[in-house]
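> task: produce atomic coordinates for the following.
(chains A and B)
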Amino acid sequence: AQKVTQAQTEISVVEKEDVTLDCVYETRDTTYYLFWYKQPPSGELVFLIRRNSFDEQNEISGRYSWNFQKSTSSFNFTITASQVVDSAVYFCALSPYGGSQGNLIFGKGTKLSVKP
Amino acid sequence: ETGVTQSPTHLIKTRGQQVTLRCSSQSGHNTVSWYQQALGQGPQFIFQYYREEENGRGNFPPRFSGLQFPNYSSELNVNALELDDSALYLCASSLGWGDAFFGQGTRLTVV
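Below you'll find the predicted structure:
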């Protein structure tokens, strides 16, 4: 079975704190992709990152970084020096078809509130 | 903005009615996927259209149907609406298996 678990329902931090959002996935596929999306109150899903199952290198993009560990089936997302504009719901997702974003399996999301 | 537009943004329907939601894909994109997002949940895949043909379907009943037009825009139709169909419906467009871009969604309320 394919499944994505985001155990943290809500996180609240004060601006400039670092915060890590956890994601654990289940799949029997050897080839798969993992994604993170941000959903602000407007509702649109904003693509943040795609990582394939063969690339376990950590990635950093500005204040964002991702830690992919196949051994623990985790793909965690860290925001450094959080800002109020980071407040949103963040979704981790799994694609079982090797890159297609047409059939994404989403977790239930983590609502991040960053207070000034 | 992604260039994916959905209409309407909000609507209210009565149980048993039918509804049509529309999605204009980003220029150059030939693939459209539809998702249902219930309140407090992650989006769930409904189906995908590639070059006017259905190209995959999630665990949704046949009363959820769709179309893709020659210009690659798409419609999602839901018949015999139920209260549980109340959700945010998201459309995503892509060029084949490339990165998908989501619209802002249509908020459907069934009363």
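> point to the helix or strand of chain A where mean pLDDT is at its lowest.
strand A:59-61 (a mean of 86; mean pLDDT, DSSP states H and E).
> quick one: that strand near chain B?
No - Strand A:59-61 is not in contact with chain B by CB under 8 Å from any CB of the partner chain; minimum separation 14.8 Å. In this view, the C-beta of every residue, glycine as well, is placed from N, C-alpha and C.
> check what pLDDT residue A:98 gets.
Looking at residue A:98, its pLDDT stands at 51.
> check which helices and strands the least confident helix or strand of chain A sits against.
strand A:46-52, strand A:64-69 (3 or more CB pairs under 8 Å, 6 or more residues apart in numbering or on different chains; DSSP states H and E).
> I'd like the ones you listed laid out as TSV, including mean pLDDT and distance to residue B:56.
Below are these laid out as TSV (pLDDT from 0 to 100; distance: least, CB to CB, whole Å):
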stretch	mean pLDDT	distance to residue B:56
strand A:46-52	89	18
strand A:64-69	94	25
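> residues of chain A that sit close to chain B?
Residues of chain A lying near chain B by CB under 8 Å from any CB: A:4, A:37, A:42-47, A:50, A:91, A:93, A:99-109.
> in the chain, which segments are predicted with low confidence?
Just so you know, I chose chain A. Residue ranges of chain A with pLDDT under 70: A:97-102.
> try chain B instead
For chain B (pLDDT under 70), the answer is B:1-2, B:97.
> what's the closest non-adjacent residue to the residue in chain A positioned nearest to chain B?
Closest contact between chain A and chain B, by CB to the nearest CB, is at residue A:106 (3.2 Å). Spatial nearest neighbour of residue A:106, excluding adjacent residues (CB to CB, 6 or more residues apart in numbering or on different chains): residue B:42 at 3.2 Å.
> who's in contact with the closest residue to chain A within chain B?
Of all residues in chain B, the one sitting closest to chain A is residue B:42 (3.2 Å; CB to the nearest CB). Going by CB atoms under 8 Å, 6 or more residues apart in numbering or on different chains, residue B:42 touches A:4, A:91, A:93, A:106, A:107, A:108, A:109.
> just checking, the last one touches residue A:88?
Spelled out, that is residue A:109. No - with contact defined as CB atoms under 8 Å, residue A:109 does not count as touching residue A:88 (9.4 Å).
> so what sits against both of these two?
residue A:39.
> what are the phi and psi values for residue B:101?
Backbone geometry at residue B:101, expressed as degrees, to the nearest 10, gives phi -120, psi 130.
> pretty sure the residue nearest to residue A:106 sits in a helix.
No - looking at residue B:42 with DSSP: H, G, I helix; E, B strand; the rest coil, it is coil, so not inside a helix.
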